[in-house]
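Colleague: Generate a structure from the sequence data that follows.
(2 chains)
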Amino acid sequence: MPDSKSIAGAMRAMAGKAMDLHGSMLIVLLLIASIGFAMLYSAASGDFAKLAGRQMGVFAIGFTCMLVMALVHIKWWWRLAYPIYSVGLLMLLAVEIIGDIGGGAQRWLDLGIIRLQPSEIMKIGLVMALARYYHGLTLDEVKNLKSLIKPALLIGMPAVLVLRQPDLGTMVLIAAGGVTILFVAGVPRKVFLVGAVLAVVGAVGGFYQLHEYQRNRVFTFLDPDSDPLGTGYHIQQSKIALGSGGVSGKGFMQGTQSHLNFLPEKHTDFVFTTLAEEFGFIGGVTLLILYTVLIGYGFLIALSARNHFARLMAIGVTTTFFLYVFINIAMVMGLVPVVGVPLPLVSYGGSAMMTLLVGMGLLMNVYVHRNTVLSRQGMVRSG
Amino acid sequence: MDIKGERYRKLTRRALILGGAQLLGVGALVGRMVHLQILKADEYKMLAEENRIDLRLISPLRGRILDRHGHEMANNQLNYRVSVIPEQTNDFKDTLARLSDVIAMPPEKVEAVIRQAARSRRFLPLTVSDNLSWEEFARVNSIVPELPGVQPDAGRSRFYPYPAEFALLVGYVGQVTDEDLKKLPNDPLYMLPDFRIGKRGLEAYHEKRLRGVAGLRRVEVNALGREVRELSREDGVAGKDLVTTIDADIQRFAMQRMGEESAAAVVMNIHSGEVLAMASAPGYDPNDFNFGIKTSTWKALLKDPRKPLLNKAVQGQFPPGSTFKPVVVMAALEAGAIDANTKVFCPGHMNFGGRKFHCWKKGGHGTVDMISAVEQSCDVFFYEIARRIGVDTIADMANRFGLGHRHGIEIDHEAAGLVPTRAWKATRRRDRKWHDGETLSVSIGQGYMLSTPLQLAVMTSRIANGGYAVTPTLVKDKAKSGPAAVNFPSVGVASEIVKAGQHGMIAVVEGGRGTARIARIREWPRGLAGKTGTSQVRVITAAQRAGGVPKNESRPWEERDHALFIAYGPIENPAYAIALIVEHGGGGSAVAAPIARDIMREVLLKDPCGLTGGQPVLAELKKDA
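Modeller: Numbers count the residues shown, from 1 in each chain, chains lettered A, B, ... in the order given. Take a look at the predicted model:
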């Protein structure tokens, strides 16, 4: 444990590194968040305090956390990777047990003062744990199939627990984020082929294990007109709102569909629809470009890092971020079934916002420490 | 360190693949946006702007519940009501306040509506007030122009013309609750705030048949959401009527005759199993539930010791008492433990296993045989024969005559009753061993024995029809006509043995010392055969017995005995059976038998199934009536 002197030293070191932050990435991030505030202001029909104001508050806290996380020495993240993962897993287990007692779906862990959603911790924790694991392996070891056992467990345990909550969307996000790291770490391609086949078989089998409402969502996705007032309702209304936005949109706060409440959840998972209705194709593509730039930065940062842990972590975080964007927008446009995935930094809601900012914090950390070299045992060589 | 190593090169290659895939993903999103917002924009603009299409459900007319002659026990009445579409109001709460100025709306009702509004979709109409008088309805119509979103209309709602008489049989309907949603398959109708589903009784059990299928209207609405015109209309399918086997007149007569007692009666056709009356008293007014029951009314119903919400005919489980004795006689005959000449001396008690088992008659019955034992309901005779054959033999016969299991009657919450066996006790009770003394209690329908009035009616029917396993039904189109022998398998008891059971029951009414001589129909000597029962609610201690058992009237109501009576008639060519219990009513012969007799008299007079039409004696009776 560091004594007070070394904490003071670390603080000074952090402050010194502040100049190394990725400035343009911060600007893109602020731009996206600002679009979010504007849309929430519109969704609340001009009531600033109702949604936008609160969201800004959460963002301010999250943004500060992100900066602190970016400046902490990367060796600490290496050391904390497994502990954070373990805490997340234990909390998921706790939710499972309390959920069983309480009866029914439970995703929250009530700690008295704060309510935590352990699956959010796990999104980051799994990426960190896998990055650390593969950091410690040579490529030859990676290619050895035995080395797949631990990662399979690392991904499998939280995936099963989250699926039991039941939260299909989060399960997909966690599993896909984990598999991405396996991929870039160099696991042989045939493993993914076999995995894909197993996943298809598992999905077909698992389909019958789903809750009725989840199954209905899949059916409705395949044929949205079959249930116009039920689960298909969201998608139909969302498509009407989007499509009627046209090229340039109906103008800020002029979205008839969202404002007349034809569109449910216009401020959370379906916030993109409000944007696309009011700012049209131009607005929607602008946001997509901003996201793409951010994701592009993520890959560049990953490739510029001098240690493997940082690279894997950066790609993992970036891909998770991409999956959020892709699933959410594809969902509101009727390309994939409706699963509860928010639009990063735009959807109203504190929990997801914090997770994403924490992820961005790690990504920035990788950039700040891009020249740091970590040994396989986690010793710092330079930088 | 391995910045130029193979591991890094591999990562770079794969990162490029991954990045490429993500770019493709973004490309797909842009493509979809081009498709929706540029290529099909005009189409969606059409849908969105002044011609928005809205889908509105039409709730189907609920099927009626009828008695066997087509009399309505539940129908749908025109109901003037006011709905509000929250989305279209300027201020939802203010609109409600304005409405409560012209129609009676207690504050609690207003709050309930606000709560409901928070749960349902804002563009769906919400029923704010039901059952308006024409005057109120007119007043609402007069303020409608100033209040957007308010819709006065005439709907149909459930109505029960004879509330109390049929309450427990027919049940009631109510709003869909979250619990209902968990249990029921998905139906878009549940989203209609004024939709009602069956909650109890026939309404609940036959929900699917009665409900029908929702219709759908596609309407064009303007920018304010107001309906402009109807584009298409798919009419729903009205629910099917449920024609029951009940005879409304008999049911109502039975309810009236039971009066203020806590009682239940089941009248059955012994050949077809058609249930002609299933009465459970006291009743309540199911109309109260239609628009949400008042808390005070609900609490009063819950608190009433006579349990008005319980359908005692199928849910109430009572010790059958002495009404069970004919079955025990048949069990002993079949086992060969007794024959027609077997005699037992009754000194008023029997010593067994160090305990004294009392007969209801303190001085004893003297020497009795199987017929006179049933006739006078001598307990000692049954102790003796039960001792000889054991509990499992009794249980087997009881099961064959319809006790101890559900009959699948088409109404909710049918109770199974209980016929104890050694095996049952070994698995269900902490004290696993069967004590022979317990067999003695079972032989007089006490101890662990529990049966429902419905089961007792089935038992009586099976005795009356000569031992055919008739099962009860409430649905007319399921009822089979013709003698029981054609429609149902035999319970496998020789006909002489069943006849012995019948003879016992005939003696109870017709015999010189019969406990139910009171149940004779005066004008018609051989109208009924029956059996009385008085079942103890609590154990009588030796000390109490020594001091004289306190009379029923001097005990608190909850501790008084249940009065039971089962009967069938006419004695020649039996047609109908009845089982009746008056909870805490006192003695079977004094309290239950006269009520059951009067109900059976009505049944035989009316003969709704046309089973006794040819009887000369009955024709005479009809002339008198």
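
Colleague: Give me every residue in the stretch 1-150 of chain A lying close to chain B.
Modeller: By Cβ under 8 Å from any Cβ of the partner chain, the residues of the stretch 1-150 of chain A that approach chain B are A:T138, A:L139, A:V142. (Each C-beta comes from the backbone N, C-alpha and C, glycine too.)

Colleague: Looking at these, state which has the most neighbours.
Modeller: The residue in the residues of the stretch 1-150 of chain A next to chain B with the most neighbours, by other Cβ atoms under 10 Å in any protein chain shown, is A:V142 (20 neighbours).

Colleague: Give me the nearest residue to that residue, chain neighbours excluded.
Modeller: Using Cβ to Cβ, 6 or more residues apart in numbering or on different chains and skipping the chain neighbours, the partner closest in space to A:V142 is A:G186 (4.7 Å).

Colleague: got it, and B:A416?
Modeller: Nearest to B:A416 is B:R406, by Cβ to Cβ, 6+ apart, at 5.1 Å.

Colleague: And what about the one you found, helix, strand or coil?
Modeller: Following DSSP: H, G, I helix; E, B strand; the rest coil, we place B:R406 in the coil state.

Colleague: try B:G292
Modeller: Under three-state DSSP, B:G292 falls in the coil class.

Colleague: Name the helix or strand for A:V95, please.
Modeller: Here A:V95 sits within helix A:74-102, counting by DSSP states H and E.

Colleague: and B:K551, how many neighbours?
Modeller: Using other Cβ under 10 Å, B:K551 has 9 neighbouring residues.

Colleague: Kindly apply the preceding question to B:W298 instead.
Modeller: Applying other Cβ under 10 Å, we find 15 residues neighbouring B:W298.

Colleague: average model confidence for the host helix or strand of it?
Modeller: Element membership for B:W298 (DSSP H and E) is helix B:295-303. Here helix B:295-303 scores 89 as its mean pLDDT.

Colleague: List the contacts of residue 25.
Modeller: I'll assume chain A. By Cβ atoms under 8 Å, 6 or more residues apart in numbering or on different chains, A:M25 lies in contact with A:L294, A:Y297, A:L363, A:M364, A:Y367.

Colleague: please go with chain B instead
Modeller: When contacts are counted by Cβ under 8 Å, 6+ apart, B:G25 is found next to A:F322, A:F326.

Colleague: Before we move on, what's the pLDDT of it?
Modeller: On pLDDT, B:G25 comes in at 96.

Colleague: That one is in what secondary structure piece?
Modeller: If you go by DSSP H and E, B:G25 is part of helix B:6-33.

Colleague: quick revisit: dump the residues of the stretch 1-150 of chain A next to chain B to TSV, plus secondary structure and pLDDT.
Modeller: Formatted as TSV, those follow (DSSP: H, G, I helix; E, B strand; the rest coil; pLDDT from 0 to 100):
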residue	secondary structure	pLDDT
A:T138	coil	90
A:L139	helix	90
A:V142	helix	91
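
Colleague: Between those residues, which sits nearest chain B?
Modeller: Taking Cβ to the nearest Cβ as the measure, chain B lies nearest A:L139 of these, at 4.5 Å.

Colleague: Report the closest residue of chain A relative to chain B.
Modeller: Relative to chain B, the nearest point of chain A is A:G243 (2.6 Å; Cβ to the nearest Cβ).

Colleague: Low-confidence ranges, the stretch 451-600 of chain B, go.
Modeller: Filtered on pLDDT under 70, the stretch 451-600 of chain B yields the residue ranges B:539-550.

Colleague: Could I get the full set of helices for it?
Modeller: Taking DSSP state H, counting those that start in this stretch, the helices of the stretch 451-600 of chain B run over residues B:453-464, B:484-487, B:495-510, B:542-546, B:593-606.

Colleague: most neighbours per residue, which of those helices?
Modeller: When these are scored by mean count of other Cβ atoms under 10 Å in any protein chain shown, the highest mean neighbour count falls to helix B:453-464 (a mean of 30).

Colleague: for it, packing partners?
Modeller: Judged by 3 or more Cβ pairs under 8 Å, 6 or more residues apart in numbering or on different chains; DSSP states H and E, helix B:453-464 is in contact with strand B:263-269, strand B:275-281, helix B:325-335, helix B:495-510, strand B:562-569, strand B:576-582.

Colleague: the inter-axis angle of it versus helix B:495-510?
Modeller: Per axes from the mean of the first three to the mean of the last three Cα atoms, to 10 degrees, the angle that helix B:453-464 makes with helix B:495-510 is 110 degrees.

Colleague: and the residue of chain B nearest chain A?
Modeller: Nearest residue of chain B to chain A: B:Y44, at 2.6 Å (Cβ to the nearest Cβ).

Colleague: host element of that residue?
Modeller: Using DSSP H and E, B:Y44 falls within helix B:41-48.

Colleague: Name every strand pairing with the very next helix or strand once past that helix and say which way it goes.
Modeller: Per DSSP H and E, the first helix or strand lying C-terminal to helix B:41-48 is strand B:52-58. Strand partners for strand B:52-58, identified by DSSP bridges, are recorded as strand B:215-221 (antiparallel).

Colleague: about what we covered before: name all residues that make contact with the residue nearest to B:A416.
Modeller: B:R406 makes contact with B:E414, B:A415, B:A416, according to Cβ under 8 Å, 6+ apart.

Colleague: How about A:A310, nearest residue that isn't a chain neighbour?
Modeller: Residue nearest to A:A310 in three dimensions, not counting chain neighbours: A:V366, with 4.3 Å by Cβ to Cβ, 6+ apart.

Colleague: Now do the host helix or strand of the one you found against helix A:74-102, angle only.
Modeller: Under the criterion DSSP H and E, the helix or strand holding A:V366 is helix A:350-368. Helix A:350-368 runs at 160 degrees relative to helix A:74-102, counting by the same axes, to 10 degrees.
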